[in-house]
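Visitor: model this:
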Amino acid sequence: MRIGELAAVVGVTTRAVRHYHHLGLLPEPERRSNGYREYTLRHAVLLARIRRLTELGLGLAEVRDVLADDAGKDLAEVLTELDEDLARQEAAIRERRARLRALLESEGGVRAEGPVSAELAALFRDMGDPGASPMAAKDRELLALIDATAPEEERERLLGVLAGALRTPEAVERAAGAYALLDALAEAEPDDPRVEEAARELAACVPAGLVPEGAGIAGEETGEHASFLRAFFADFPPAQAEAIRRTLRIVQGGREESRRGGEAVGRG
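Guide: Modelled structure (predicted):
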């Protein structure tokens, strides 16, 4: 048989046959006097076995291991390992499908910021529709980022703190008002008098537990969150960034006052 005839009989391509030759899986036949390779029935049997093994999911290195006379693993061992690997993949796929099903069937459907955790999805429902507020939309994107990247314990803590701060309709309404004040600063200068008003209103909505130590000092962010904070501020127009910096200072100042007050009570 010529290479094309062999490939047709076994149901593979001539390119695959040549690739198996190159990898040493299929020995090359001797050439006849006319220069053509002449394949035998044994070549077809071996090629068919290679095809069956690859269709089962074995990699070519594993196929070589099975076919070699001094193979470190026999076929049963290789197939057992493959079956165990497929079982792990199957379990992972079932888990992913369950998560997707929960997301698709969740109340309110799939949001633009999604997919997010069940805890954040619940928080978004409590926060209500962001409407046309660019700042509210950006805040949700930031929360989705934290939801996806923060360690589980820290993520749960942060979302719990925020959920507690927005547990009443009045708190949600006040947050919407703060977003509106920040939206109005999109084209303003950092020294605009509205910056201070927006900062104080936003600070009234932000629990101290959401603000990392070292945040809010212009150009001098410190601590493990410094790089993130610099990138965070750079994502806002100047007046909005200044308002947020002032917000963080106000929240931190309140936290320090509470700390000093607690120490005073302890000494008393």
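Visitor: what about the residue in the chain sticking out farthest from the centre, distance to residue 127?
Guide: The centre of the chain is farthest from one residue, residue 33, which by C-alpha atoms, centre = their mean lies 61.2 Å away. In this view, residue 33 and residue 127 are 83 Å apart by C-beta to C-beta, to the nearest Å. (Glycine included, C-beta is placed from N, CA and C.)
Visitor: just residue 99 next, same as before
Guide: Taking C-beta to C-beta, one finds residue 99 at 22 Å from residue 127.
Visitor: Neighbour count: the two, which is higher?
Guide: Legend: neighbour count by other C-beta atoms under 10 Å for residue 99 and residue 127, higher for residue 127 (19 against 13).
Visitor: Looks like the more buried one contacts residue 166 (just checking).
Guide: Yes. Residue 127 is within contact range of residue 166, at 6.1 Å (criterion: C-beta atoms under 8 Å).
Visitor: shared neighbours of the two, anything?
Guide: 172, 175 (C-beta atoms under 8 Å, 6 or more residues apart in numbering).
Visitor: What residues of stretch 12-28 count as buried?
Guide: 12, 16-17, 20, 25-26 (16 or more other C-beta atoms under 10 Å).
Visitor: Looking at those, which is nearest residue 81?
Guide: residue 25 (19.2 Å; C-beta to C-beta).
Visitor: Can you tell me the SS state at that closest one?
Guide: Following DSSP: H, G, I helix; E, B strand; the rest coil, we place residue 25 in the coil state.
Visitor: Who are the contact partners of it?
Guide: Residue 25 neighbours (C-beta under 8 Å, 6+ apart): 50, 60, 63-64, 67.
Visitor: Residue 239 now?
Guide: 185-190, 192, 194-195.
Visitor: how much space between residue 127 and residue 143?
Guide: 9 Å.
Visitor: Dump the contacts of residue 239 into TSV; add distance to residue 155, secondary structure and neighbour count as well.
Guide: Rendered in TSV, the data for those read as follows (distance: C-beta to C-beta, whole Å; DSSP: H, G, I helix; E, B strand; the rest coil; neighbours: other C-beta atoms under 10 Å):
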residue	distance to residue 155	secondary structure	neighbour count
185	29	coil	25
186	30	coil	12
187	34	coil	10
188	33	coil	18
189	36	coil	11
190	32	coil	16
192	35	coil	17
194	33	helix	14
195	31	helix	25
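Visitor: how about low-confidence regions in the stretch 51-200 of the chain?
Guide: 69-73, 103, 106-114 (pLDDT under 70).
Visitor: Not counting residues beside it along the chain, what's closest to residue 134?
Guide: residue 183 (5.9 Å; C-beta to C-beta, 6 or more residues apart in numbering).
Visitor: My guess is the one you found contacts residue 138. True?
Guide: No. The pair residue 183 / residue 138 is not scored as a contact, 9.9 Å apart, by C-beta under 8 Å.
Visitor: Tell me the one of the buried residues of stretch 12-28 nearest residue 120?
Guide: After measuring the buried residues of stretch 12-28 against residue 120 - C-beta to C-beta - the closest member comes out as residue 16, at 48.3 Å.
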